[in-house]
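Peer 1: Show me the folded form of this:
(one chain, ligands or ions: 1)
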Amino acid sequence: MSIYKVIGRPSAGSLIAEFLLTEAKQKYEFKFISPEECNETEFLKLQPFGKIPVLVCPDGNSIFETMAITTHLIEKFPQLAPPKDSYKRDLQWQYLSLMGTSIYLAYHRQFYTRYYAPEEVSKEVGKLASDQREIGYSYLEKALCPYLLGDKPMAVDFYLFMITRWDPNIKFLLEDKPKLSEFIKNMKIHDAVVSVLNSHK
Ligand SMILES: N[C@@H](CCC(=O)N[C@@H](CS)C(=O)NCC(=O)O)C(=O)O
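Peer 2: Residues are numbered from 1 along each chain as shown. This next block holds a predicted model:
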């Protein structure tokens with residue numbers, strides 16, 4: 001029987017697919033891809049921007065964009081999300097969209113400034129990106145109780161945990177965010193997180 005294949009790198013956006021597949025107790029293959037390979041014709045057919053992650057499904061179809069991958073996995077494994085027609089379900093999409101379109105991209109703007117502005121202003125671009133992330137994180141800090149949708153970690157929480165791992169100044173980020181600090185502590189010892197992170201050691 002075929003299994004899912006996650007194309008990515010150990011601490012990149014591919015983590016969300018790995019966390020969710022592990023939480024849903026699905027076997028998957030992890031395929032490491034270098035930045036250079038991402039620009040090869042074959043990979044560009046799967047992801048036109050040459051970005052990771054890409055999820056290849058057991059039927060051979062592939063999906064890119066972490067939001068689309070997360071949505072696919074939530075639909076396949078409903079235990080990862082609140083029930084349909086509940087307000088928590090709406091909030092889940094809201095939080096995921098906020099993280100996928102604002103916070104994730106603000107990390108991209110900081111780490112890949114060359115895509116956005118000339119080298120001379122890369123520091124300023126990074127600072128503006130960090131200010132934008134702060135708006136999102138401050139909002140999520142208020143929502144945490146202790147996870148984003150209540151007392152149980154769901155797909156959306158794995159997404160939040162993943163993006164916090166990229167922060168270049170986590171101490172500063174957490175300084176005024178006790179709930180986010182506690183959340184990260186809890187997620188760090190979650191079975192699925194421990195298993196995925198150990199698999200990359
Ligand atoms: N919107 C995309 C963003 C993906 C993305 O920015 N991936 C990063 C790694 S985490 C990447 O491939 N960066 C390399 C580049 O942009 O050249 C998603 O959510 O999947």
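
Peer 1: Next up, the contacts around the most centrally placed residue in the chain.
Peer 2: By C-alpha atoms, centre = their mean, the chain has its centre lying nearest to residue 159, at 4.1 Å. Going by C-beta atoms under 8 Å, 6 or more residues apart in numbering, residue 159 touches 16, 66, 70, 95, 96, 99, 100. For the C-beta atoms, the positions are set from N, CA and C on the backbone; glycine is no exception.

Peer 1: Now do the helices in the protein.
Peer 2: 15-23, 41-46, 66-76, 87-98, 104-111, 122-143, 155-164, 170-174, 178-188, 191-199 (DSSP state H).

Peer 1: So which residues make contact with the longest one?
Peer 2: It stands for helix 122-143. Contact with helix 122-143 is made by 91, 95, 98-99, 102-103, 106-107, 109-110, 113-114, 116-117, 148, 160, 167, 169, 173, 177, 179-180, as judged by C-beta under 8 Å, 6+ apart.

Peer 1: Need the buried ones from those selected in ChimeraX.
Peer 2: Only the buried entries of those go into this ChimeraX selection, using 16 or more other C-beta atoms under 10 Å:
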select :95,98,99,103,106,107,109,110,113,148,160,167,173,177,179,180
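
Peer 1: pLDDT at the residue of the chain positioned farthest from its centre, what is it?
Peer 2: Here the centre of the chain is the reference, and by C-alpha atoms, centre = their mean the most remote residue is residue 120, at 29.4 Å. Residue 120 is assigned a pLDDT of 97 by the prediction.

Peer 1: Tell me who's in contact with it.
Peer 2: Here residue 120 is in contact with no residue (C-beta under 8 Å, 6+ apart).

Peer 1: circling back: among the contacts of helix 122-143, which ones lie close to the ligand?
Peer 2: Among those, no residue is within reach of the ligand (C-beta under 6 Å from any ligand atom).

Peer 1: Can you name the residues of the chain that neighbour the ligand?
Peer 2: 12, 13, 51, 52, 65, 66, 67, 100, 104, 108, 112.

Peer 1: How many residues are close by the fifth one?
Peer 2: Spelled out, it's residue 65. By other C-beta atoms under 10 Å, 16 other residues sit near residue 65.

Peer 1: wait, what's in contact with the closest residue to it other than its chain neighbours?
Peer 2: Closest residue in space to residue 65, ignoring its immediate chain neighbours: residue 100 at 7.8 Å, by C-beta to C-beta, 6 or more residues apart in numbering. Contact analysis of residue 100 by C-beta under 8 Å, 6+ apart lists 65, 66, 67, 70, 159.

Peer 1: possible to save the residues you listed as a markdown table with pLDDT and distance to residue 201?
Peer 2: As requested, the contacts of residue 100 are exported to a markdown table (pLDDT from 0 to 100; distance: C-beta to C-beta, whole Å):
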| residue | pLDDT | distance to residue 201 |
| --- | --- | --- |
| 65 | 98 | 28 |
| 66 | 98 | 23 |
| 67 | 98 | 28 |
| 70 | 98 | 25 |
| 159 | 99 | 22 |
